[in-house]
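1. Sequence and predicted structure, then a few things I'm wondering about:
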Amino acid sequence: NAGVTQTPKFQVLKTGQSMTLQCAQDMNHEYMSWYRQDPGMGLRLIHYSVGAGITDQGEVPNGYNVSRSTTEDFPLRLLSAAPSQTSVYFCASSYSPTNTEAFFGQGTRLTVV
Amino acid sequence: EDQVTQSPEALRLQEGESSSLNCSYTVSGLRGLFWYRQDPGKGPEFLFTLYSAGEEKEKERLKATLTKKESFLHITAPKPEDSATYLCAVQASPPLVFGKGTRLSVIA
């Protein structure tokens, strides 16, 4: 099993560009989420999904869109990149929304110049 | 609002020097408290889940305990390979809420 796979691992964008961070899991997990990790801020939740077709906002959703058309995939879209979105992004999945461990991907390091 | 505070921010230990990391939390209706380990450039890796006060779990040199207000991660006789950032997270409703982590360095 591959677990949670994120692509790309590194990306540099210019201000105003858009892009999609990919996340795929092969564990048939219903619950998936996106976090960003910044120095001194810890992991902050961007968006999450409790199943295909269902998404909700987390703590820091502005500037990001998500959709969940399949159980396996949960892409994160940056609509118009800003320097404040420079961060490391992690996708996570778990079997159910509560009481179960989350599996994390290896992260995408994004720099917006 | 659910909150998690971890202390200390950073901890430097000599190999074999036991210590504890603290995670204090405020949450309505705790469903679980989670400990993760994160190595540089990697995603967090699950260590433990604790559900109720008084519960303890162990794995090699690590032992996690839980009270109604806080959790401790005890590290007994640490080795350099235990160096990492340790993250605590709580869950009431579905999203996990993370603390900022404790960066542990174990020096040989």
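-> Arrived safely. Numbering: from 1, shown residues only, chains lettered A, B, ... in the order given.
2. And the longest strand anywhere in chain A, what does it pack against?
-> Ranked by residue count and defined by DSSP state E, the top strand of chain A is strand A:42-51. Judged by 3 or more C-beta pairs under 8 Å, 6 or more residues apart in numbering or on different chains; DSSP states H and E, the packing partners of strand A:42-51 are strand A:31-38, strand A:54-57, strand A:64-66, strand B:84-91, strand B:97-98. Placement of C-beta: from N, CA and C, glycine included.
3. For the second one, list every residue counted as buried.
-> Residues of strand A:54-57 classed as buried by neighbour count (16 or more other C-beta atoms under 10 Å in any protein chain shown): A:T55.
4. Averaged pLDDT, it. What do you get?
-> Mean per-residue pLDDT for strand A:54-57: 95.
5. Ok, the fourth one next?
-> Averaged across strand B:84-91, pLDDT comes to 95.
6. out of everything not next to it in sequence, what's closest to A:T5?
-> A:A24 (5.0 Å; C-beta to C-beta, 6 or more residues apart in numbering or on different chains).
7. For that neighbour, name its beta-bridge partners.
-> Residues in a beta bridge with A:A24, per DSSP bridges, are A:T5, A:D73.
8. Would you format the helices and strands packed on strand A:42-51 as TSV with distance to B:D2 included?
-> As requested, the helices and strands packed on strand A:42-51 are exported to TSV (distance: least, C-beta to C-beta, whole Å):
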stretch	distance to B:D2
strand A:31-38	15
strand A:54-57	15
strand A:64-66	21
strand B:84-91	6
strand B:97-98	5
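9. ok, the residue nearest the centre of chain A - contacts?
-> The centre of chain A sits closest to A:W34, judged by C-alpha atoms, centre = their mean, with a distance of 3.0 Å. Neighbour list for A:W34: A:21, A:23, A:45-48, A:58, A:64, A:66, A:74, A:76, A:89-92 [criterion: C-beta atoms under 8 Å, 6 or more residues apart in numbering or on different chains].
10. Quick one, which of the residues you listed are buried?
-> With burial judged by 16+ other C-beta under 10 Å, the buried subset of the contacts of A:W34 is A:21, A:23, A:45-48, A:58, A:64, A:66, A:74, A:76, A:89-92.
11. Isn't A:S49 up against A:H29?
-> No - A:S49 lies out of contact with A:H29 (C-beta atoms under 8 Å); the separation is 10.2 Å.
12. Chain B contacts on chain A?
-> A:4, A:31, A:33, A:35, A:40-45, A:48, A:50, A:58, A:90, A:92, A:97-107 (C-beta under 8 Å from any C-beta of the partner chain).
13. That's all I had, so thanks and see you.
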